[in-house]
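Asks: Turn this into a structure:
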Amino acid sequence: MQPEPVTVLPGLVDRHVHLGLVDLADLADSPVVEVHDLGWDPDAVLHWRVHPPSGVRVAVAGPFHTAPGGYPSGRSWAPDDAIRTVASPDEARLAVADAVAGAYDVVKVALHADMALLDDETLAALVDAAHAAGLPVGVHAEGPGQAARAIESGADLLVHAPWTEALPDELLRRGRSMTWCSTLAIHDDGDRQRAIDNVRRFRALGGRVVYGTDAGNGPAPAGVNPAEIRALGEAGLAGDELLAALTSTPSATGPGPFSVERLLVSPRPLPQTADEVVAWLADCRRFDVASLEENRAP
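Replies: Residues are numbered from 1 along each chain as shown. Next up is the predicted model:
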């Protein structure tokens with residue numbers, strides 16, 4: 001008897017989660033095989049990296065690096081240890097040294113225009129020190145001018161597709177070497193459409209967008225987020241570009257190929273649209289390459 005035909009994809013990678021705000025059981029053995037925790041208590045995130053949910057790799061950013069009184073200070077959901085205040089270039093360099101000592105995968109920086117902000121010199125020191133140490137920099141940029149500051153600083157990643165303002169094409173062109181995490185589905189209509197329009201134009205200019213859900217933000221679930229996948233489709237991603245956004249990425253934003261240790265298999269044809277991806281994932285199952293190698297006959 002011939003085996004039933006199947007199609008195969010790498011597991012999903014969610015590039016923006018907050019594991020302290022989700023039920024880790026929702027990730028265990030799901031189609032998501034890697035998550036990037038972008039800001040939490042350093043002791044907790046390093047524990048998750050060593051003891052992750054079943055079948056999931058965890059990359060970590062450690063704390064939010066922010067100005068004294070800056071975002072997310074005072075937020076009820078943010079533990080005190082999830083916030084590293086940085087008041088000068090010297091403190092920025094010390095913070096990055098601590099990130100290196102903690103073996104973080106990325107340095108997370110917060111720029112929120114409605115709260116205290118890092119000055120340009122301190123922001124530059126954070127980015128330069130991180131790059132000198134071989135670490136990428138991911139920025140939460142919220143409010144007028146903050147995405148522009150992230151781009152001009154040389155940061156590697158916007159951890160949310162910009163949603164508070166329409167970015168001009170010239171700025172997008174200057175920042176097209178960056179990667180954006182999508183997080184489109186967390187927004188209400190106006191902000192969501194603004195973010196989707198920014199993504200469309202950023203992609204058209206050569207920018208790269210990857211799947212990130214901000215799991216733990218309100219009702220954003222751990223595991224597969226169909227609303228986020230459909231929002232990527234609304235922003236124009238389809239076919240190989242959509243599948244790459246969901247699956248093919250190095251850990252955090254550093255160099256190197258994504259390690260395919262666990263594959264997904266489904267009886268459905270290889271999906272091309274966002275709706276097809278959602279249906280494919282609903283029917284898929286895990287396929288552990290390591291187990292196959294262990295059980296292979298000599």
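Asks: Flag the shaky bits of the stretch 101-250 of the chain, pLDDT-wise.
Replies: For the stretch 101-250 of the chain, the stretches flagged by pLDDT under 70 are 248-250.
Asks: Which parts of it are helices?
Replies: 120-132, 146-153, 169-174, 189-204, 226-234, 239-247 (DSSP state H, counting those that start in this stretch).
Asks: So what are the sheet partners of the helix or strand just after the last one and their directions?
Replies: Sequence-wise, the next helix or strand beyond helix 239-247 is strand 262-266, with elements assigned using DSSP states H and E. Strands adjacent to strand 262-266 in the sheet, as given by DSSP bridges, are strand 7-10 (antiparallel), strand 285-288 (antiparallel).
Asks: Buried deepest among the ones you listed, which one?
Replies: Counting by mean count of other Cβ atoms under 10 Å, strand 7-10 has the highest mean neighbour count of the strands paired with strand 262-266, with a mean of 17. For glycine as for every other residue, the C-beta is placed from the backbone atoms N, C-alpha and C.
Asks: the strands in the stretch 1-150 of the chain, which residues?
Replies: Per DSSP state E, counting those that start in this stretch, the stretch 1-150 of the chain carries strands over the ranges 7-10, 12-17, 32-37, 57-60, 64-66, 83-85, 107-112, 137-142.
Asks: Now render those strands as CSV, adding distance to Trp48.
Replies: Output for those, formatted as CSV (distance: least, Cβ to Cβ, whole Å):
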stretch, distance to Trp48
strand 7-10, 21
strand 12-17, 10
strand 32-37, 7
strand 57-60, 5
strand 64-66, 17
strand 83-85, 18
strand 107-112, 15
strand 137-142, 18
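Asks: nearest to Asn217, of those?
Replies: For Asn217, the closest of the strands of the stretch 1-150 of the chain is strand 12-17, at 9.0 Å, according to Cβ to Cβ.
Asks: Would you mind putting the helices of the stretch 101-250 of the chain into JSON lines with mean neighbour count and distance to Ala67 alongside?
Replies: Shown next, in JSON lines, are the helices of the stretch 101-250 of the chain (neighbours: other Cβ atoms under 10 Å; distance: least, Cβ to Cβ, whole Å):
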{"stretch": "helix 120-132", "mean neighbour count": "19", "distance to Ala67": "8"}
{"stretch": "helix 146-153", "mean neighbour count": "21", "distance to Ala67": "12"}
{"stretch": "helix 169-174", "mean neighbour count": "14", "distance to Ala67": "23"}
{"stretch": "helix 189-204", "mean neighbour count": "18", "distance to Ala67": "24"}
{"stretch": "helix 226-234", "mean neighbour count": "20", "distance to Ala67": "30"}
{"stretch": "helix 239-247", "mean neighbour count": "19", "distance to Ala67": "32"}
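Asks: Out of those helices, flag the one nearest Ala110.
Replies: Of all the helices of the stretch 101-250 of the chain, helix 146-153 sits nearest to Ala110, with 9.4 Å by Cβ to Cβ.
Asks: For the residue lying closest to Leu263 once chain neighbours are set aside, which residues are in contact?
Replies: Distances taken as Cβ to Cβ, 6 or more residues apart in numbering place Phe287 nearest to Leu263, at 4.4 Å, with adjacent residues excluded. Neighbouring residues of Phe287 by Cβ atoms under 8 Å, 6 or more residues apart in numbering: 8, 262-265.
Asks: now swap in Arg93 and tell me
Replies: Counted by Cβ under 8 Å, 6+ apart, Arg93 has contacts 125, 129.
Asks: wait, doesn't Ala185 sit right on Leu232?
Replies: No - with contact defined as Cβ atoms under 8 Å, Ala185 and Leu232 do not form a contacting pair (9.2 Å).
Asks: Distance of Val100 relative to Arg93?
Replies: Distance, Val100 to Arg93, using Cβ to Cβ, to the nearest Å: 11 Å.
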